[in-house]
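Enquirer: The sequence isn't on hand, but the structure is:
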């Protein structure tokens, strides 16, 4: 996590003692831009899919990996932009974030539907939102907050309310 008051020091360190790590981030960003991950909403389980079957497992875990790929790409671009000022990284991160914001928050990446996709969705989505907040319009911020509100409430209901009865 990064506080705004830490950014100047991190930017300086990205050009000094942390430069090798920063250079790896830039290389990762260039790889992402060369092969931007798809942002179509992950699939739901087809009707009749048997829970814990191979077909179910492929979608269950596949949606997790798909979600991580797109939103980890977004957060990597967004964070690297904060350190180095590459605005095109920030714009691509914003584009990926807003594409994922269109996914049904109770659908394939909803916590209750598929917690293995829902947890990384929330984690990477919120981090990307924080890192590109200054690039978002108020309307885009409200869309993102709406998604986070739905997904956060779903996780809270499960973890804080339902788990107390176990």
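Expert: Nice, thanks for sending it over. Everything numeric in this text was worked out from a predicted model, so none of it was measured.

Enquirer: Which residues belonging to the host helix or strand of residue 147 are considered buried?
Expert: Under the criterion of DSSP states H and E, residue 147 resides in helix 138-156. By 16 or more other Cβ atoms under 10 Å, the buried positions in helix 138-156 come out as 140, 143-144, 147-148, 151, 154-155. Where you see a C-beta, it was placed from the backbone N, CA and C, and this is true even at glycine.

Enquirer: Next: stretch 89-106.
Expert: So stretch 89-106, judged by 16+ other Cβ under 10 Å, has buried residues 89-90, 92-94, 96-101, 103, 105.

Enquirer: can you list contacts of it?
Expert: By Cβ atoms under 8 Å, 6 or more residues apart in numbering, the residues outside stretch 89-106 that reach it are 29, 32-33, 36-37, 39, 41-42, 67, 70-71, 73-75, 77-78, 80-82, 109-110, 112-113, 121, 125, 128-129, 131-132, 135-136, 140, 143-144, 147, 150-151, 154.

Enquirer: and what of stretch 4-17?
Expert: By Cβ under 8 Å, 6+ apart, stretch 4-17 touches 2, 18, 21-22, 82-84.

Enquirer: What average pLDDT does it get?
Expert: Mean per-residue pLDDT for stretch 4-17: 95.

Enquirer: Going by neighbour count, which residues in that stretch are buried?
Expert: residue 14.

Enquirer: how distant is that stretch from the center of its chain?
Expert: From the chain centre to the centre of stretch 4-17 is a distance of 23 Å (Cα atoms, centre = their mean, to the nearest Å).

Enquirer: Now the terminal residues of it, how far apart.
Expert: Its start and end residues considered, stretch 4-17 measures 20 Å (Cα to Cα, to the nearest Å).
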